[in-house]
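Student: I need the structure of the sequence given here:
(2 chains)
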Amino acid sequence: MRGIYLVGGYPDRETFNECVHSVIESGFDFLEIGIPFNDPIADGPVIARAIHEALENGAAPDQVMDDILLLKNTEIKKYVMTYANVVYSYGIKKFSGKMADYLDGVIIPDLPNRMSRLFYDNGFDIPVVPFATLETRLSDIDMINRSKSEIIYFVGVRGITGASGNLESSELLEKIRMLKDNTDKKVIIGFGIKTRDDAVRALRIGDGFVVGTEAVKRQKKPDELKSYLNSLM
Amino acid sequence: MRATDGFYGQYGGQFVPEILIPALDELERAYQDFKNNDGSIKLLQRYLNEYAGRPTPVYYAKNISEKYGFGLYLKREDLLHTGAHKINNTIGQVLLAVSMKKKRVIAETGAGQHGVATATAAALFGLTCRIYMGSLDVERQMPNVKKMRLLGAEVVPVDEGLRTLKDAISASLKDWVTNVTGTHYLLGSVAGPHPFPEIVAYFQSVIGREALDYFRLQGFLPDCVIACVGGGSNALGIFQGFLELSAVELIGVEAGGRSLDPGQNAATLTLGSRGIFQGALSYLLQDGFCQVRDVHSVSAGLDYAGVGPQHSFLKDSGRVTYTCVFDGQALNAFHELTRLEGILPALESAHAVAYALEHAQDLRGKRVLVNLSGRGDKDLGIIEKYMGKEA
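Tutor: Below is the predicted model:
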């Protein structure tokens, strides 16, 4: 599974939607769309700056969600990536009611696996994608398996988005092996995927990848994004 | 106050990236071991007494009391080493860091008091120390920046957002995510993910315990206890001594800033709504689009959009009343305390004093205990600037 992350509403609504269509046309399997939140504690400078600029240009949650609804007749899988407060303050049930039929899951970097019950217990019907990291212990696997999501988001680096990872490290390979041995979910590698070589390697050691920072860097220039996306395939 | 599964009622939790969860579990274990070990507690007590200067006195402020018509008692945390209550927590947490064999500590700071207290404890125990501080706070609290550097800490100015406390906490969390092995995040308030609110409240509970001992010796109780609330550590520290004593009214004073208009204050419990911010579900100043609001206060230690989860719980339960005073009222209280008692309070603590002075009529004849959480030397630049404006 090959995926691309884009910051919703960045740099403006029109260009963002153009970028979305580039991702679809390039043949990616899933789209991860960010609903901007102004305290993005898991994001490095590139994505953090994009989020702030999107917010200045009016990228409110409803606007980004409405743009996702427009994609309802497309085959591509759709995930929302946002921070816990966006869903919580929008209304956990209200968010779910609006988006459940259109999303394959939500990825919430400040909602660790053990906290997802706050959402499920309050009427959230969208799968919350579980995380695995370089620090994940065998005892954490049960919690991961309990999720309704078909994928695991594997954070391949100790760091924030945009950090460089090492897809060759034995530590990373061992964690992925531990996951593969203990779950049937697809292991999607996020963080640290920049080039075609990274992408190929991620598909070999896991079940897929998602590219964020390198795509967001090109969101202002859809032509450049398009050729970058093609280079990954 | 103890959390159940990391929550106080509906507030609290651990809203941080998954990669930090094992570190939070490790911290929780180290904290439980510490609390249940007499040797650890004795060691902490020794440092607090012989190094930090505990116990701190309660002072009856006679001149203010006579002028305003109520009895003002000040819990003198301003007399502690490094000038504020923050050192109670930093010595405690550095002992936890050492027990976890962590060689590096990081911390956020707003006014610089927590940064100085962290740098001090790190120097004392030979740990590497990095402090994140919003670059606006670096400008307005320069003496503290210089102190931290002299103490051997690296001070990293944070240029994101409003360049204040929120941005410093975000930067600290990002550092911790990157360096989680070997680094302890020495959080300075009762905020952030569990177990931080509980740990910081535990280390600050010494304030309330000592204050209660003082009043027991006098043979009476205060009618009310007042403390300023930014993240809420000094307030929770003193309130814990009196939570069970229902006759004692507890009042938390937030920063009303310039006005109650959005973006002009930091009155989270007074004006906010429930939200998830920097690790915890708690009250939060946010707009109608789920975004954290900009905040303002004359005091660099109070301008925070969030607040510790225990305070949200105590607000909803009605045990503590939360309110706010404006910048000008805090500055007035600073001058009153300085001129009448010869005590320069931190601008944070001046908010608590200001509430008492502003409500002198209602408090007439009562005994009022104010937590004087820190001293004001660090604020002289800000105060001179405001005096210049008035002149």
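Student: helices of the stretch 201-350 of chain B, start to end?
Tutor: B:233-239, B:268-271, B:309-317, B:327-341, B:347-358 (DSSP state H, counting those that start in this stretch).
Student: which of the residues in the third one are buried?
Tutor: Right, helix B:309-317. Neighbour-count burial for helix B:309-317, counted by 16 or more other CB atoms under 10 Å in any protein chain shown, picks out B:Pro309, B:Gln310, B:His311, B:Ser312, B:Phe313, B:Leu314, B:Lys315, B:Asp316. (Each C-beta comes from the backbone N, C-alpha and C, glycine too.)
Student: which one is the last one nearest to, not counting chain neighbours?
Tutor: Using CB to CB, 6 or more residues apart in numbering or on different chains and skipping the chain neighbours, the partner closest in space to B:Asp316 is B:Gly9 (6.8 Å).
Student: same question, B:Leu250
Tutor: B:Val320 (4.4 Å).
Student: re earlier: most packed of the helices of the stretch 201-350 of chain B?
Tutor: helix B:233-239 (a mean of 30; mean count of other CB atoms under 10 Å in any protein chain shown).
Student: okay, it in CSV with CA atoms only?
Tutor: Taking C-alpha atoms only, helix B:233-239 is exported to CSV below (Å, rounded to 0.1, in the frame of the first residue of the first chain):
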residue,chain,number,x,y,z
SER,B,233,1.5,23.9,40.2
ASN,B,234,1.8,26.4,43.0
ALA,B,235,-1.9,26.6,43.5
LEU,B,236,-2.4,22.8,43.6
GLY,B,237,0.7,22.7,46.0
ILE,B,238,-1.0,24.9,48.6
PHE,B,239,-4.6,23.8,48.0
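Student: for that helix, which helices and strands make contact with it?
Tutor: On a contact count with 3 or more CB pairs under 8 Å, 6 or more residues apart in numbering or on different chains; DSSP states H and E, helix B:233-239 meets helix B:86-99, helix B:196-218, strand B:224-228, strand B:249-257, helix B:309-317, strand B:367-372.
Student: need these in CSV with mean pLDDT, can you?
Tutor: Formatted as CSV, those follow (pLDDT from 0 to 100):
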stretch, mean pLDDT
helix B:86-99, 98
helix B:196-218, 98
strand B:224-228, 98
strand B:249-257, 98
helix B:309-317, 98
strand B:367-372, 98
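Student: make TSV from those and add distance to B:Val105 to it.
Tutor: Below are the helices and strands packed on helix B:233-239 laid out as TSV (distance: least, CB to CB, whole Å):
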stretch	distance to B:Val105
helix B:86-99	6
helix B:196-218	14
strand B:224-228	26
strand B:249-257	28
helix B:309-317	23
strand B:367-372	26
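Student: right, and those - which one's nearest A:Pro127?
Tutor: Taking CB to CB, helix B:309-317 is the member of the helices and strands packed on helix B:233-239 nearest to A:Pro127, at 27.5 Å.
Student: which neighbouring elements make contact with that closest one?
Tutor: Using 3+ CB pairs under 8 Å, 6+ apart: helix B:309-317 touches strand B:7-8, strand B:11-15, helix B:196-218, helix B:233-239, strand B:249-257, helix B:268-271, strand B:279-284, strand B:320-326.
Student: which of those sits most buried?
Tutor: Each of the helices and strands packed on helix B:309-317 was scored by mean neighbour count; the highest is helix B:233-239, a mean of 30, by mean count of other CB under 10 Å.
Student: end-to-end on stretch B:57-75?
Tutor: Chord length of stretch B:57-75, first to last residue, is 6 Å (CA to CA, to the nearest Å).
Student: so how far is it from its chain's centroid?
Tutor: Relative to its parent chain, stretch B:57-75 has a centroid offset of 23 Å by CA atoms, centre = their mean, to the nearest Å.
Student: and if you look at stretch B:165-179?
Tutor: With CA atoms, centre = their mean, you get 18 Å for stretch B:165-179.
Student: and what of stretch B:383-391?
Tutor: 26 Å.
Student: tell me the strands in chain A, going along the chain?
Tutor: Taking DSSP state E as the criterion, chain A carries its strands at A:2-7, A:30-34, A:77-81, A:105-107, A:131-133, A:151-155, A:186-190, A:208-211.
Student: to chain B, which of these lies closest?
Tutor: strand A:131-133 (3.7 Å; CB to the nearest CB).
Student: ok, which residues in chain A are in contact with chain B?
Tutor: Selection of chain A residues close to chain B by CB under 8 Å from any CB of the partner chain yields A:37-42, A:44, A:48, A:55, A:60-61, A:83-86, A:88-90, A:109-115, A:118, A:131-137, A:140, A:155, A:158-160, A:163.
Student: of these, which belong to helices?
Tutor: A:Ala48, A:Leu55, A:Pro61, A:Ala84, A:Asn85, A:Val86, A:Tyr88, A:Ser89, A:Tyr90, A:Leu118 (DSSP state H).
Student: neighbour-wise, which of these leads?
Tutor: Of all those, the highest neighbour tally under other CB atoms under 10 Å in any protein chain shown goes to A:Ala84, namely 27 neighbours.
Student: please name the bridge partners of the spatially most central residue of chain A.
Tutor: With the centre of chain A defined as its mean C-alpha position, the nearest residue by CA atoms, centre = their mean is A:Glu32, 4.4 Å away. Bridge pairing for A:Glu32 (DSSP bridges) gives the partners A:Tyr5, A:Tyr79.
Student: so what's it up against?
Tutor: Counting by CB atoms under 8 Å, 6 or more residues apart in numbering or on different chains, A:Glu32 touches A:Gly3, A:Ile4, A:Tyr5, A:Leu6, A:Tyr79, A:Val80, A:Met81, A:Ile107, A:Val210, A:Gly212.
Student: isn't the fifth one right up against A:Pro127?
Tutor: No - under the criterion of CB atoms under 8 Å, A:Tyr79 makes no contact with A:Pro127, lying 9.2 Å away.
Student: quick revisit: now the strands of chain A as a markdown table including mean pLDDT and distance to B:Phe289?
Tutor: Compiled in a markdown table, the strands of chain A are given as follows (pLDDT from 0 to 100; distance: least, CB to CB, whole Å):
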| stretch | mean pLDDT | distance to B:Phe289 |
| --- | --- | --- |
| strand A:2-7 | 98 | 15 |
| strand A:30-34 | 98 | 15 |
| strand A:77-81 | 98 | 15 |
| strand A:105-107 | 98 | 18 |
| strand A:131-133 | 97 | 26 |
| strand A:151-155 | 96 | 25 |
| strand A:186-190 | 95 | 26 |
| strand A:208-211 | 96 | 26 |
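Student: thank you kindly, that will do.
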